[in-house]
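Engineer: need a structure here:
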Amino acid sequence: MPPWSPHPRPEPGRRQRTIQRRPSMPTSSLKPLKQSEFDYWAAQHLLNRAGFGGTPDQVQAVLQMGLDGAIEYLVEYEEAVRPLPLDVDQFDSDIMRPANNMERQLGLQARRNGDERALEQLRQQRQQRQRQDRRQIAQMQRWWLKRMIETGRPLEEKMTLFWHGHFATGYRTIEDSWHMLQQNNLFRTHATGNFADLVSWIIRDPAMLEYLDNNENRKGSPNENLARELMELFCLGEGHDYTESDIKEAARSLTGYTFDDDEFVFNSNQHDDGMKRVLGKTGRFDGDDLLRIILGRTSCSEFICLKLYKFFVNDLPDGMDANTRKFIQRLAAEFRKNQYHLKPVLATLFKSEHFYDRANRSALIKSPIQLMVQTVRSLRTPSDRSMTALVGAGDLMGQNLFQPPTVKGWDGGRAWINTSTLFVRQNIVIYLLTGQGPETMAWESDNIPYDPMHLLEHLDQDGNGTDRIDAGVTYLLKFCLGTNPHPERVESLTTFVRSNGNRLGPDQAIACLCLIAAMPEYQLC
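Structural biologist: Residues are numbered from 1 along each chain as shown. Alright, predicted model coming up:
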C-alpha cells in the first residue's frame, strides 16, 4: 500500500484547509501590462484563463511571443491556427424531425378509428426515436469535451462554453440533440465575433425558441419568456433598466418568431405589427428593432462586460470594490466604442495590468469542465481516457454539458464546491493521472501509462545549484497551483519524496501530482 491515499476522502472530525481569497484592490485602469512584467507565470495565467492551460513547453512558447504576440495568437485564432474539423456528419439531424404528411394522416386516422394497435405502434416509434436521441446527445457531450481537450484554438472553445452558460438552453426541455448541436456551432461561429450579431441569431435559434416557448408567442396571445430573459439574463441584468411593461411590449415585438424543423420561420400572420413602447422608444417594432433599442443602453455593455469579467478575471464572491467597478465601466466603454465587437475588448482585458494583478491570480474556482480539461492539457495526461467517465464526472460535479440547470445557467464560483463535489473533483484528477477511479465510481479503468517527466525536463538545465528534489517539488506545486506554494506544502511533499526512493522519478512525480490534486488550492485557477 502506498503511503499516500490514491482516492482521498474528507476525514470526519478533521478540519480541512479552506480555499483562501486574497483581498482585491487592483488598478481600475485598462493600462496594459509592461512587456518586461510578462514572465513565465503571467504567460501561464493567460493560458489558464483565456483557454484551458498548457504544458510547460506551451507556456514557454507563449512567453517567447511576448505579451502582444501572445494575445494576438490567442484572440486572432482564425489567422493563427487551422480549426479542428467539426465532423458533424457523425450525427443524425433527422432523429426528432417533425412527422411528415403521411405520418400525420396515419395518426389522425388511427385516432378517428380508435385503432389502439396503430396508436401504440406510433407511440413505440416515438419512444424509440427519443431513446436514440438521448444516446446521440451523450455522444455529442463526449465530442465537445474531446474537442475542448484537443483544440488548437482554446479561446474559441472557452467562449463557446461561456455563451452556452450565458444563453443557457437545456436538452431535457427541448429533447432535440440536433437543435442543441446547431446552437453549439452558433456559439462557436460567433464566439469572439460581434455580440449584436450573436443575439440576433439567438432570437432566431430553434433551440432557444423552443426552450423559452417563443414558438407559442402569437399576436393577441403573447408569451413573455424570451422577451423577459432577453432583458433579464441575456442583455441588461436582472431587475436593471427595464420594467414589466417593457417586457410585455418586447414580447409583442417577438411574436411570430418561430421555427419549422431545423429552420427559423418568421410567421407574419402571427406577428403583432402594432405600435409598441419599449425602454422609452415608440414604434412598430419587430425583433431586430427591439435588439437595437436594448443594445443602445449603456447597461447592456456593462452587463456583458461584468459577465466576461466574472468568467475570465474574478467571480467577485465578496462583491465589487470601486476600482473593479471602474475597470468594468471602462471596458464597457471600449465595447460600445467597438460597436459590440468582442475581440478588441478581450484583447484589452487580457493585456491589462488588472488582469495580471496578484489579487486576480488563483482567484477563480475552476468549473468542472475547466478542472478536467486544464488537467489534461497542462499535465498532458493521456487524452484517450474514457470520455464517458469524464462527462459523467462533470455531471456529478454540477456541470452537465448541454444541460445547464436553469435558464440562468451555472452559478459558478463557490457553488461548485461542496463535500460531494469535492470528492469527485479530487478523484477525477487522480483518474486522469492513473486511469484508476474509486470503487464507488463506475469509471472505466485503463492501464494507459502516463509519463509526467516532461513537466520536469527544464530542471536539468536550471543551473541554479538547488537540490533537484526541492526544485522539482517546488516547481510542480507552483505549476499546478498557479501561485507560490506555502512552505508547509513544499516541506510535506519533499519529505514524501525523500521517504519514497529519495528521487523524483515518474512514480514519485505521479504520486506528488495526486497529492497536489487533493489540495484545496488545486481547485483554483
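Engineer: residues making contact with the lowest-mean-pLDDT helix or strand in the chain?
Structural biologist: In the chain, no helix or strand scores lower on mean pLDDT, DSSP states H and E than helix 101-113, which sits at a mean of 85. With contact meaning C-beta atoms under 8 Å, 6 or more residues apart in numbering, helix 101-113 is reached by 99, 115, 118-119, 122. For every residue, glycine as well, the C-beta is placed using N, CA and C.
Engineer: Kindly recompute the last result at 6 Å.
Structural biologist: With contact meaning C-beta atoms under 6 Å, 6 or more residues apart in numbering, helix 101-113 is reached by 118-119, 122.
Engineer: what does stretch 168-177 give?
Structural biologist: 96, 133, 136-137, 140, 180, 207-208, 210-211, 402-404, 407, 409.
Engineer: 8 Å - rerun?
Structural biologist: Applying C-beta under 8 Å, 6+ apart, the external contacts of stretch 168-177 come out as 91, 95-96, 130, 133-134, 136-137, 140, 180, 183, 206-208, 210-211, 233, 402-410.
Engineer: now swap in stretch 228-235 and tell me
Structural biologist: 166-168, 199, 202-203, 212, 238-239, 242, 246-247, 250-251, 290, 294-295, 300, 303-304, 407-409.
Engineer: same deal with stretch 330-337?
Structural biologist: 28-30, 195, 298, 301-302, 304-305, 308-309, 344-345, 348-349.
Engineer: again with stretch 64-84
Structural biologist: Residues from elsewhere that reach stretch 64-84 (C-beta under 8 Å, 6+ apart): 32-33, 35, 38, 42-43, 46, 50-51, 62-63, 147, 150-156, 192, 343, 346-347, 350-351.
Engineer: All the strands of this protein, in order from the start?
Structural biologist: 257-260, 263-266, 276-278, 281-283 (DSSP state E).
Engineer: Now tabulate the ones you listed in a markdown table and tack on distance to G482 and mean pLDDT.
Structural biologist: Putting the strands of the chain into a markdown table (distance: least, C-beta to C-beta, whole Å; pLDDT from 0 to 100) gives the following:
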| stretch | distance to G482 | mean pLDDT |
| --- | --- | --- |
| strand 257-260 | 44 | 98 |
| strand 263-266 | 43 | 98 |
| strand 276-278 | 45 | 99 |
| strand 281-283 | 47 | 99 |
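Engineer: Distance to S362 and mean neighbour count added to these, as a markdown table?
Structural biologist: Putting these into a markdown table (distance: least, C-beta to C-beta, whole Å; neighbours: other C-beta atoms under 10 Å) gives the following:
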| stretch | distance to S362 | mean neighbour count |
| --- | --- | --- |
| strand 257-260 | 44 | 18 |
| strand 263-266 | 43 | 13 |
| strand 276-278 | 43 | 19 |
| strand 281-283 | 45 | 12 |
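Engineer: Would you tell me which of those strands gets closest to P368?
Structural biologist: Checking those against P368 by C-beta to C-beta gives strand 257-260 as the closest, at 31.3 Å.
Engineer: What ranges does the stretch 401-525 of the chain have for its helices?
Structural biologist: Under the criterion DSSP state H, counting those that start in this stretch, the stretch 401-525 of the chain contains helices at 419-434, 468-481, 487-498, 506-517.
Engineer: Turn those helices into CSV, columns for distance to A227.
Structural biologist: Listed next are these as CSV, based on distance: least, C-beta to C-beta, whole Å:
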stretch, distance to A227
helix 419-434, 35
helix 468-481, 45
helix 487-498, 52
helix 506-517, 45
